[in-house]
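Visitor: heads up, no residue letters with this:
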């Protein structure tokens, strides 16, 4: 009886998520905000700001796609060399970007936000600023479409979750779930309408400079380790933001091993929980209820010949699988792998717990040799 009640609660949660949680499983595309081919009477000036720390190897694969944008207005690219130990600055200059050297974050500032602020200062006074990462490759008309969407949609922030690399086995197993869990935590449809939900994806954020200055600039999020969500909250408090997914703007950064992806998630997962043990406990209980109970109920019900328990588990597992398929297709991963999402969720739960462990042992926020 208790097992049936728990399985029933899990099913109720998933029914709500599937039909009442902002269609999190089907994120919008930029074309829904601004149709392809939209033209403006005049195109605003834009500066791209790229914080880069030890990115000499990846820049030749990405920076030319940014510098070479087919944009009708004035456009420049500023790369902020964030205390790199390699030839990042030399490569960025060779590839046509303006380079600014950072000596590291001032006290009280997170490293990436400090680099972003330095880039904004060096950019002058463009009408829009495109914050992007060193590993992001853009289509030739990517900036044009972003600006058209921001202007016609009257948004202070237009952000796209780029398509992440899914070439290695572990990338195919874990990367789509990263996008799925993000969308579940911040349903894009709710982000895009008035309300409290705000989020952005740090790899591609086009910001209206006037709106950023009106909000107090990046100093308002100086200590934020999850800078994209913090920036979205800052701007949405005074204006409108939009978040969607991009099929043709991609990250080329490889994560060939489980350890690589584990590090990426564990670096910031406990920050997302605000270093709160109670939220961590709630996350553990919630993840077990949502992702472990359904397959466990299905298997236990079949073994025990408990038809109701088996049906509850199987139906819930089916709902989980169905909501995951669209994100797998977005990431160009075989849809049949949706059935293993409960196992993937357990791995992410392990990363979150490890993130807390790292925090309490003084290793939280470690990134490229620097603890932030």
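Guide: Yep, it's here. Predicted, not measured: the structure shown is a model, and the values here were computed from it.

Visitor: show me what contacts residue 283?
Guide: Counting by CB atoms under 8 Å, 6 or more residues apart in numbering, residue 283 makes contact with 273, 349, 352. No exception for glycine: its C-beta is placed from N, CA and C like everyone else's.

Visitor: confidence score at residue 131?
Guide: pLDDT for residue 131: 98.

Visitor: And the host helix or strand of it, what does it pack against?
Guide: Counting by DSSP states H and E, the element that carries residue 131 is strand 128-132. Applying 3 or more CB pairs under 8 Å, 6 or more residues apart in numbering; DSSP states H and E, one finds that strand 128-132 contacts strand 46-52, helix 111-123, helix 142-152, strand 204-208, helix 209-214.

Visitor: Let me have these in a markdown table, adding mean pLDDT, distance to residue 230 and mean neighbour count as columns.
Guide: Formatted as a markdown table, these follow (pLDDT from 0 to 100; distance: least, CB to CB, whole Å; neighbours: other CB atoms under 10 Å):
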| stretch | mean pLDDT | distance to residue 230 | mean neighbour count |
| --- | --- | --- | --- |
| strand 46-52 | 98 | 15 | 26 |
| helix 111-123 | 96 | 8 | 22 |
| helix 142-152 | 96 | 20 | 23 |
| strand 204-208 | 98 | 11 | 25 |
| helix 209-214 | 97 | 13 | 16 |
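
Visitor: Paired strands for the strand holding residue 131, with orientation please.
Guide: Here strand 128-132 is paired, per DSSP bridges, with strand 46-52 (parallel), strand 204-208 (antiparallel).

Visitor: Let's test this: mean pLDDT of the helix or strand that comes right after the longest one, rounded?
Guide: Downstream of strand 46-52, the next assigned helix or strand under DSSP H and E is helix 59-67. What helix 59-67 shows for mean pLDDT is 98.

Visitor: Make 3 the starting number, not 1.
Guide: Done: numbering now begins at 3, and the last item shifts to helix 61-69.

Visitor: right, and the helix or strand after helix 61-69?
Guide: Beyond helix 61-69 toward the C-terminal end (DSSP H and E), the next one is strand 77-84.

Visitor: Pull up the pairing partners for that following strand, direction included.
Guide: Going by DSSP bridges, the partners of strand 77-84 are strand 48-54 (parallel), strand 100-104 (parallel).

Visitor: in the helix or strand just after that strand, what's buried?
Guide: Using DSSP H and E, the next helix or strand after strand 77-84 towards the C-terminus is helix 90-96. Judged by neighbour count (16 or more other CB atoms under 10 Å), helix 90-96 contains these buried residues: 90-91, 93-94.
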